[in-house]
Each structure stands twice: as C-alpha cells, then as structure tokens.
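A.B. asks: have a look at this prediction, sequence included:
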Amino acid sequence: MRGIADYTFVRPLGSGNHGHYYLATTPARLPVEAGHVAVKVLAAESTSAAFRRATRELTAFAAVRSPYLVAPYDAGQHDGIFYYATEYLDGGSLADPVEPGVGLRAVAHAARAAAALHGAGIAHRDIKPGNVLLHADGAKVSDLGLSHVFAEGVTLTGMGSMASAEYTDPGVLHGEPPGPAGDVWSLGVLLHRVVAGTGLYGELPADDGLFVLRRILSTAPVVSAGLPEPVAALVRDCLGPVVERPSAETVADRIDALR
C-alpha cells in the first residue's frame, strides 16, 4: 500500500488491533510542523455508522491534554476504509527490549496517560507494549482501542488482536463493559512483563489465537516469584477485584516511588 487519501507512505510501521501502521509524509493541509506522521489504516471496510462513532471517540481522545498521550491529528474514510493520523515517535516501544529503568518510567507514563483519559470519562481499552511509544523523555500512549466500533457484538475478538488478549481483563473478554479498571489490569500485566520479562500466563504462541484465549480464560495469572515484593504487590493490586483496584494515577505514583 503506497498511501491513502493525501498521505504518502514512507514505510510500514507494523500491524495490530485490526489495522496496519505506516510512516507517512505530513500533508500540507495539516497544521503540523513535523515532516512525518503515523497513519493507522483499518484492515477492513467500515460502515458509515462505525466511521461516525470512531470519529467521535477520536475527537474525545484528542480533547484530552496530557504529555503522556500521542497527539491525534486527523481521521477520515477513503474508498470505505477508515484511517487516522497521529504524532510519530521514532524511539520504538515497550515491545522492544529496554533497560529496567527505562521500562519502569515508561509504564509510569502509560499509567498517567490512562489517568488523564479516565478523568475525561474515556477508557483506552488496549494498553499493551506496542502501544507505549518511547522517546527521549519517557513514553506516550498511542492507539485508542477502537476495535469494538468495527466489531460490535463480538466479545472475545472485539477488543483487538490476539496480541491484545494477554493484556485484557478476562472479565472484558467475557463480555463485561470496558472501563478504567480494565486499563488498570492492563497496566499490571504490562508492569509484570517489563520487570519480570515474562507474562502472567507463561509464554503464549503468536500464531495460535484459540490456544491463547483458552489459556487466558482458563488459567489464573501467576505473578513471578522473582519480582521484588513492592512490584509484585502492585501487580497483584492491579489484578484484584474491580472495586479494589487502585486508580491509574495511584499506579503511576507507586511506580515512581519504586524508581
């Protein structure tokens, strides 16, 4: 794919959550100083209703002011395909190997991003390593989870790709509505992955989605015995009963105290 609408693609950036990402040159019409933006293109056609709903959610996301959130710039539909453009960061993500201190800071910043969204009444719904983008001063959260808009009525896959399932509250996978507590669960799983280097369900295959779902829905998460106790305690709190989970802001504060 060479481009969409008036965006010319430079190279692919990856795939996930029902779409593909591209580095693109910034169109002259956008009031953005950066020469490049990141463009996400949905992997399937979208209905007019889904387009309107997704645009409303992106508009609400754009209204949240936080240094820990990637700035969204534009959204549109071209030949029935939904796309949106955001700020581009070239420092990689938490999906890449990072030093422990860098990882802890990034998770703390992700928690502050979630707290800003929660304060505006928005749940991110897809906090995972690939959506925590790194830069020289820390990290920013990208890619608001919009897959439910394009897969309405689907509970297991409606939250995104299998890469998201490991970080999704099992209650949400069972059909409970997503909310701030689900994002806190995701932050706990992310913190465990960054510090322990392993997931809560063991190593999951990338090419067997059914196995991944079975493991997550039938196996209790196991906190690594090798985690320092303050980290393990915070992970356990994030995975606790919904009404007892800490706020995202509290998660950020506790990680900063650990650092």
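C.D. replies: Thanks, I have it.
A.B. asks: lowest average confidence, helix or strand, in this structure?
C.D. replies: Lowest by mean pLDDT, DSSP states H and E among the helices and strands of the chain is helix 147-150, with a mean of 58.
A.B. asks: what about the helices in the stretch 101-250 of the chain?
C.D. replies: 147-150, 162-165, 170-173, 180-196, 209-218, 229-238, 248-258 (DSSP state H, counting those that start in this stretch).
A.B. asks: return the set of residues that bridge with Thr25.
C.D. replies: On the basis of DSSP bridges, Thr25 is bridged to His36.
A.B. asks: what separates it from Phe9, distance-wise?
C.D. replies: In this view, Thr25 and Phe9 are 8 Å apart by Cβ to Cβ, to the nearest Å. In short, each C-beta sits where N, CA and C put it, glycine included.
A.B. asks: Leu190: neighbouring residues, count only.
C.D. replies: 25 (other Cβ atoms under 10 Å).
A.B. asks: state the distance from it to Glu166.
C.D. replies: For Leu190, the distance to Glu166 - Cβ to Cβ - is 10 Å.
A.B. asks: now do the shared contacts for those two.
C.D. replies: Here Leu190 and Glu166 have Lys128 as joint contacts, going by Cβ atoms under 8 Å, 6 or more residues apart in numbering.
A.B. asks: isn't His135 up against Gly92?
C.D. replies: No: in this structure His135 lies outside contact range of Gly92 using Cβ atoms under 8 Å: 9.3 Å.
A.B. asks: return the residues in contact with the closest residue to Val195 other than its chain neighbours.
C.D. replies: Using Cβ to Cβ, 6 or more residues apart in numbering and skipping the chain neighbours, the partner closest in space to Val195 is Val231 (5.2 Å). The contact partners of Val231, taken as Cβ under 8 Å, 6+ apart, are 191-192, 195, 258.
A.B. asks: what does Arg193 give?
C.D. replies: 94, 129, 199.
A.B. asks: try 6 Å
C.D. replies: Each residue near Arg193 by Cβ atoms under 6 Å, 6 or more residues apart in numbering is listed here: Gly199.
A.B. asks: for it, give its distance to Glu203.
C.D. replies: Counting by Cβ to Cβ, the gap from Arg193 to Glu203 is 11 Å.
A.B. asks: try Ala248
C.D. replies: Counting by Cβ to Cβ - Ala248 and Glu203 are separated by 27 Å.
A.B. asks: ok, how many other residues are close to the closest residue to Val70 other than its chain neighbours?
C.D. replies: Spatial nearest neighbour of Val70, chain neighbours left out: Ser142 (4.1 Å); criterion: Cβ to Cβ, 6+ apart. Neighbourhood size, Ser142 [other Cβ under 10 Å]: 24.
A.B. asks: got the domain ranges for this protein?
C.D. replies: 3-87, 100-258 (automatic domain parsing).
A.B. asks: most packed of those?
C.D. replies: domain 100-258 (a mean of 19; mean count of other Cβ atoms under 10 Å).
A.B. asks: so how far is that domain from its chain's centroid?
C.D. replies: 8 Å (Cα atoms, centre = their mean, to the nearest Å).
A.B. asks: quick check: end-to-end length of that domain?
C.D. replies: Criterion Cα to Cα, to the nearest Å; first-to-last residue distance in domain 100-258 is 11 Å.
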